Structure formats: structure tokens, C-alpha cells
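**Q** Sequence plus the predicted model coming up.
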Amino acid sequence: MKNIYFLLFSLLLISSCKNNESSTTKEKVKVSKDDYTNVEVKYATGFVINSTETGYYISINNPWPEADLEYSFKLVKGSSTSERLPEPDASQIINIPLQKIILSSTTHIPPVVLLQEQSSIIGFPGTDYISDSSVRALIDDGKIEELGQNQTISVEKVVTMQPDLVMGYGIDGDNPVYESIQRTGIPVIYNGDWIEKHPLGKAEWIKLFGVLYGKEKEANRIFKEIEKEYLETKKLAQALESPSVIAGATWKDTWYLPYGNSWQGKIIADAHGDYVYSNTTGTGSLSYNVERVLTDAHNADIWIAPGQYTSYKAMKEDNSAYSQFDAFKNRKVYTFALNVGARGGVTYYEEASMRPDLVLKDLVKILHPNSLPQHQLYFFKPLND
């Protein structure tokens, strides 16, 4: 999956859920409600977790833009399907904790790794894009199968692998591959972390992974630490100056930029940057011609995330208009494209949604150079000459 920053929402195709329950009944497991933890969701809007007598009842809400739907699942500890107290109807039953999972986006990797459950990953489409070293080691050992592309995943192969769950994502509900997988009785959860607008809302999806792996308390602890670091950094930045900021770059003669109400726009604001298009709202990306952006932002102090560019030379060769921006002239352009994994996967695409605290610290350090003296830039680096 080629995640291009200024085409952030140009994502892979995925399908709508089908009502389908596993008919397999195995050894009964009696479960007390005391075995489960109520899960508070503070920032994320894409999922709800409620404890039940036998586990959890989860709802996945509107997992792609302009969706108006809800998918529901019963999470049951062990594999018992009998002697349960009444629960809300749900589309599928998922037995927890998970033992085997197929993921479909690099953003799904960090929460699994943070919970130390990477050995449960058995398949992934486009493994070259994965950067995490521990997961790459599993790939190199042949423990994670390459599944090709999301649109052409072999249903037969997935059925043979028998995962407990497929974690999917997409731009709409029209994908026969995932529909076919669900018809075989394998549950598919549609992960909507990518459309969360609050940076901490993206990171909060680790709580969903927590209940899936029976590690609710660990997931909550990890999230609380990320939240704490984020909020403390935001508070620090608000007392500092507010330099002007421009973002993005051109793709086929169109300049794509984040909306002011997007998660990128919010992080810039939380870093106390004055984003040129902070007053814009919408989904997807802003798309302007170069002349419009040059008029609006030629004197911006800082330029962040200029697409896939890693050098000033390459930028100028592609579009001479770039050199007319003050940030370009003053060598104040910062890119995430220099931080890559062993196979060239950009670390930012994989980790940023799970670690907004590190993204925010990077931006605060860039916008306010005298702040955060102990922080070393993690995602963003100065552009090469």
C-alpha cells in the first residue's frame, strides 16, 4: 500500500461486512464478568467497547469517509458458544485472545508490536512496506506470508491459513475479497484509525487490540503514557511563539495539503504553529495549483512534509516554483521521507498514527528550536541539499 502523505486518503479498496457467525462449537469455557475490564474510549470515534457477561460487545462505526453504518461483534473468551447469558445481537463472534491474525495496513503493526504480540501475525499484503525490525525478522524467517495486494488477496490462501481475524481497512464498502473471506466464517474487522481526526484518537485504537489479545490493562497503560506525553508537550508549546507553516507538495501538477481540521492540521496547531490553511475543513486533502499555494504561503517560516522529497535539489528540478518559497530559500524544509525501514518502507506511515506524541515533539522541536533540548528528531529530518 503506497501511502503518499499528500494523498493520505487514497487508500486500498475494502468491503462491507456481512452478517455471519462461526458455527464451530468447542469445549465450554465458563467466564465471569470479573475477568473483563471496562474500556473507556476518550478520543476515538470509530469504535465502542462494552463489557458483557462473556466478554465484550464491540461496535465499529463509520470506518471510511461518509459512511453511515455500524458493524458489531461479540468477543468471547475461549471458544464456548453455549451457556451464555443474553447479549446484544452482533454480526460475528470472535474468540479471544487472538492467536493468529492477518493485518492489511502498516498502521496496524505498531499496536500489535507494543503489546508484544507480533508473533500472532501470519499474513500481510505488501510486506516490503513494513519497517519494524521485529516483524521484519518474522517475515525473513517465513513466519508471515506475503499476500500480494489487498484487492487481489487469495481467499483460498486465507482460508487455508485459518486466522482468528482479518483486520481490514478501506475507502468504501465495495470489495468482494473481504466479502468472500467473511462468507467462509473468518471475521473481518474494519479498522478506521486512518479517518480519526484527533491525533490521540488514532492512537487509542490500541485499546481495541488490547481486548482482542486479552491485554486490556497493558493497552490502557501504553495509551495513557502516550496521552500524557502528548498533552504535556502541547501545554509547553502553547507558551511559545507561533511561526507560520506550510505543508505538502505537488503531485501531477496539483498541490495536496492537509485540511485544518485533519489530524495533521491539529498536530500543527498543538505544536503552536500557524498553519496557512488552518481554517479549512473537510475530508481527504486540499488540492490547489502551485500558483494558489505560492500566493498564500510564499513567506511561510517552516515547510513540513514535502511529499516524498528528500533533497532541495530534487525539489527544484521537479518544480522551480518551490525555490520561490521563503522556507526553501532559508533551508527550513523538513521531511519524513528520510526515515525508512530495511526494505524502504517509510517509518512515518507505519508509526505516526500510533505515536502522535513523537510527531508532536518533532514539530515542537522544529517550530521552536530552543524547546525540548533532550528530544532528538524521530520522524522528521532536515531536507538534504
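**A** Cool, the structure landed. These numbers were taken from a predicted model, which means no experiment stands behind them.

**Q** What's the local residue count around S154?
**A** By other CB atoms under 10 Å, the residues close to S154 number 12. Any C-beta I mention is one placed from the backbone N, CA and C, and that applies to glycine too.

**Q** err, D140, not the other one
**A** D140: 11 neighbours (other CB under 10 Å).

**Q** gap between it and S134?
**A** Between D140 and S134 the computed distance is 11 Å (CB to CB, to the nearest Å).

**Q** can I assume S353 sits in a strand?
**A** No: using DSSP: H, G, I helix; E, B strand; the rest coil, the assignment for S353 is coil, not a strand.

**Q** what stretches of the protein score poorly on pLDDT?
**A** 1-38, 79-91 (pLDDT under 70).

**Q** can you list the domain ranges for it.
**A** 5-216, 238-382 (automatic domain parsing).

**Q** Distance from the longest one to the middle of the chain?
**A** Relative to its chain's centre, domain 5-216 lies at 13 Å (CA atoms, centre = their mean, to the nearest Å).

**Q** Now distance to I226 too, for the domains of the chain, in a markdown table please.
**A** A markdown table is the format used below for the domains of the chain (distance: least, CB to CB, whole Å):
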| stretch | distance to I226 |
| --- | --- |
| domain 5-216 | 5 |
| domain 238-382 | 5 |
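
**Q** most centrally placed residue in this protein?
**A** T107 (4.0 Å; CA atoms, centre = their mean).

**Q** Tell me the spacing between that one and F209.
**A** In terms of CB to CB, T107 sits 11 Å off from F209.

**Q** cool, S371 as well?
**A** On the measure of CB to CB, S371 and F209 end up 32 Å apart.

**Q** Which of those two has more residues huddled nearby?
**A** More neighbours surround F209 than the other of S371 and F209, with 24 against 18 (other CB under 10 Å).

**Q** wait, the more buried one sits on P110?
**A** No: with contact defined as CB atoms under 8 Å, F209 does not reach P110; the gap is 9.6 Å.

**Q** quick one: the helices in the stretch 151-300 of the chain?
**A** Remark: helices assigned in the stretch 151-300 of the chain by DSSP state H, counting those that start in this stretch are 155-161, 176-183, 199-203, 206-212, 216-237, 263-270, 290-297.

**Q** Let's have the ones you listed in JSON lines, adding distance to E66.
**A** Below are the helices of the stretch 151-300 of the chain laid out as JSON lines (distance: least, CB to CB, whole Å):
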{"stretch": "helix 155-161", "distance to E66": "28"}
{"stretch": "helix 176-183", "distance to E66": "19"}
{"stretch": "helix 199-203", "distance to E66": "18"}
{"stretch": "helix 206-212", "distance to E66": "22"}
{"stretch": "helix 216-237", "distance to E66": "28"}
{"stretch": "helix 263-270", "distance to E66": "17"}
{"stretch": "helix 290-297", "distance to E66": "26"}
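
**Q** so which of those helices gets nearest W64?
**A** helix 176-183 (12.5 Å; CB to CB).

**Q** What's the local residue count around the closest residue to V113 other than its chain neighbours?
**A** Of all residues not flanking V113 in the chain, D132 sits nearest, at 5.5 Å (CB to CB, 6 or more residues apart in numbering). Close neighbours of D132, defined as other CB under 10 Å, add up to 21.

**Q** any chance you could read off phi and psi for D132?
**A** phi -50, psi 130 (degrees, to the nearest 10).

**Q** again with A239
**A** Dihedral angles (degrees, to the nearest 10) for A239: phi -90, psi 0.

**Q** And it, how close does it get to N150?
**A** If you measure A239 against N150 using CB to CB, the figure is 44 Å.

**Q** Please tell me how far Y230 sits from T283.
**A** For Y230, the distance to T283 - CB to CB - is 23 Å.

**Q** first vs last residue of stretch 284-304, how far apart are they?
**A** 18 Å (CA to CA, to the nearest Å).

**Q** now swap in stretch 97-104 and tell me
**A** Across stretch 97-104, first to last residue, CA to CA, it's 19 Å.

**Q** got the buried residues for that stretch?
**A** For stretch 97-104, a neighbour-count test (16 or more other CB atoms under 10 Å) marks L98, I101, I102, L103, S104 as buried.

**Q** about what we covered before: tell me who's in contact with the residue nearest to the centre of the chain.
**A** N191, D193, W194, K202, Y349, E350, S353, M354 (CB atoms under 8 Å, 6 or more residues apart in numbering).

**Q** need these in TSV with neighbour count and distance to N175, can you?
**A** Converted to TSV, those look like this (neighbours: other CB atoms under 10 Å; distance: CB to CB, whole Å):
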residue	neighbour count	distance to N175
N191	25	14
D193	23	18
W194	22	16
K202	24	23
Y349	24	21
E350	24	23
S353	24	22
M354	25	25
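
**Q** I'd like those as JSON lines, with distance to K252 appended.
**A** Listed next are the contacts of T107 as JSON lines, based on distance: CB to CB, whole Å:
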{"residue": "N191", "distance to K252": "29"}
{"residue": "D193", "distance to K252": "28"}
{"residue": "W194", "distance to K252": "22"}
{"residue": "K202", "distance to K252": "28"}
{"residue": "Y349", "distance to K252": "20"}
{"residue": "E350", "distance to K252": "25"}
{"residue": "S353", "distance to K252": "26"}
{"residue": "M354", "distance to K252": "30"}
